[in-house]
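# Mind looking at a prediction? Sequence and model below.
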Amino acid sequence: MAQIATFQVVDLRVSIDDKDILKGVNLTVNKGEVHALMGPNGSGKSTLANTLMGHPRYRVTGGRVLYEGEDITSLTPDERARKGMFLAFQYPLEIPGVKVRQFLRMALKSVRGTDVKVSEFRKLLTEKMKRLEVNPAFAERYLNEGFSGGEKKRNEVLQMAILEPQIAIMDETDSGLDIDALKIVSEGINSLRGPDLGVLLITHYQRMLNYITPDFVHVLVDGRVVRSGGKELALELEERGYEQFEEQRALEAVS
């Protein structure tokens with residue numbers, strides 16, 4: 001009997017304001033795997049990330065999103081989160097007046113669907129922060145307020161550690177990070193890798209993949225995955241760019 005994929009995108013088509021953005025995306029991510037999705041600006045990477053998490057602005061016009069064989073295309077973001085999905089935002093929002101520890105406890109309560117005792121949560125938070133080498137004082141700061149780019153992304157990784165999803169979608173986590181911050185965030189992601197977590201790492205550049213070695217690399221151009229391969233594909237993109245794939249898609253569009 002064939003094994004059911006943890007997460008599968010089947011011929012996904014999405015539009016925004018009646019403009020077609022995704023034009024038939026196919027992708028499969030299983031627990032224990034790290035997939036890098038790369039593409040030029042405007043290719044639909046962030047549209048895909050938000051659609052997979054159920055953002056209401058993005059209208060699915062065709063195809064399906066499957067989670068452990070179940071069609072979740074119509075589920076809300078909170079329903080997807082409770083099933084074990086997580087989205088790390090490219091631009092995390094600031095929430096003044098809400099401390100990091102308060103936000104994380106509320107998020108965990110929402111995902112679990114039951115209350116989390118203060119003592120239990122404190123122990124969990126301490127354990128995860130120690131594992132990620134995060135200063136305990138970080139938990140007392142207001143969520144993302146006054147945070148550097150690296151601190152915001154590090155906080156996203158801490159959220160992922162607390163919520164323990166089965167599928168994590170990371171939308172351009174390297175955006176706006178200097179080299180030192182990129183190394184720290186990448187180390188955090190690497191520390192969470194394991195057989196119970198599948199990662200879809202969406203990025204424009206190869207530089208993050210110097211620190212996080214993907215099992216698979218996919219190229220998204222003009223709303224479609226035009227090529228898939230191993231980690232060597234990312235190096236090819238770094239050397240040759242996306243032009244070859246953009247030309248290929250342009251020829252397909254007129255044929």
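Arrived safely. Residues are numbered from 1 along each chain as shown.
# Find the residue ranges of the stretch 51-200 of the chain scoring beneath the pLDDT cut-off.
The model of the stretch 51-200 of the chain has no residue with pLDDT under 70.
# the helices in it, which residues?
Using DSSP state H, counting those that start in this stretch, the helices found in the stretch 51-200 of the chain span residues 77-83, 100-112, 118-131, 149-163, 179-192.
# what comes up buried for the first one?
This points to helix 77-83. By 16 or more other CB atoms under 10 Å, the buried positions in helix 77-83 come out as Arg80, Ala81, Lys83. In short, each C-beta sits where N, CA and C put it, glycine included.
# Now flag whichever of those is closest to Lys183.
Distances from Lys183 to the buried residues of helix 77-83, taken as CB to CB, are shortest for Ala81 (28.5 Å).
# Distance of that closest one relative to Val60?
Applying CB to CB, to the nearest Å, the value for Ala81 to Val60 is 18 Å.
# In JSON lines, list the buried residues of helix 77-83 along with distance to Glu232.
Compiled in JSON lines, those are given as follows (distance: CB to CB, whole Å):
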{"residue": "Arg80", "distance to Glu232": "32"}
{"residue": "Ala81", "distance to Glu232": "34"}
{"residue": "Lys83", "distance to Glu232": "33"}
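# any idea which of those residues is closest to Val217?
Arg80 (24.7 Å).
# any idea which of the buried residues of helix 77-83 is the one closest to Ile169?
Checking the buried residues of helix 77-83 one by one against Ile169 (CB to CB), the nearest turns out to be Arg80, at 10.1 Å.
# State the pLDDT value of Leu251.
At Leu251, the model reports a pLDDT of 62.
# With Gln206 instead?
We note a pLDDT of 86 for Gln206 in this prediction.
# what about the nearest residue to it once chain neighbours are set aside, distance to Val9?
Counting by CB to CB, 6 or more residues apart in numbering, Gln206 lies nearest to Glu238, which is 4.0 Å off, once chain neighbours are set aside. In this view, Glu238 and Val9 are 25 Å apart by CB to CB.
# Looking only at neighbour counts, state which of the two leads.
Set side by side, Glu238 and Val9 show more neighbours around Val9, with 23 against 14, by other CB atoms under 10 Å.
# Which helix or strand contains that one?
strand 7-16 (DSSP states H and E).
# Neighbouring strands - and their directions - for the helix or strand following that strand?
Where DSSP H and E defines the elements, the next helix or strand beyond strand 7-16 is strand 19-29. Looking at strand 19-29 with DSSP bridges, its partner strands are strand 7-16 (antiparallel).
# quick one: the partner strand to chain centroid distance?
Between the centre of strand 7-16 and the centre of its chain there are 15 Å (CA atoms, centre = their mean, to the nearest Å).
# just the CA coordinates of it, formatted as CSV?
Only the C-alpha atoms of strand 7-16 are listed here, as CSV (Å, rounded to 0.1, in the frame of the first residue of the first chain):
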residue,chain,number,x,y,z
PHE,A,7,1.6,17.5,2.6
GLN,A,8,0.7,17.7,-1.1
VAL,A,9,-0.2,20.5,-3.4
VAL,A,10,-2.0,19.3,-6.5
ASP,A,11,-2.4,21.6,-9.6
LEU,A,12,-3.0,24.6,-7.4
ARG,A,13,-4.3,27.7,-9.2
VAL,A,14,-4.8,31.0,-7.3
SER,A,15,-5.8,34.5,-8.2
ILE,A,16,-5.7,37.9,-6.5
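# Let me know the average pLDDT across that strand.
Mean predicted confidence for strand 7-16 is 97.
# who's in contact with it?
20-30, 44, 47-48, 51-52, 57-68, 85, 166-167, 198, 200 (CB atoms under 8 Å, 6 or more residues apart in numbering).
# of the residues you listed, buried ones?
21-23, 25, 27-30, 44, 47-48, 51-52, 58, 60, 63, 65-67, 85, 166-167, 198, 200.
# what's the neighbour count on Asp17?
Using other CB under 10 Å as the criterion, the residues surrounding Asp17 number 7.
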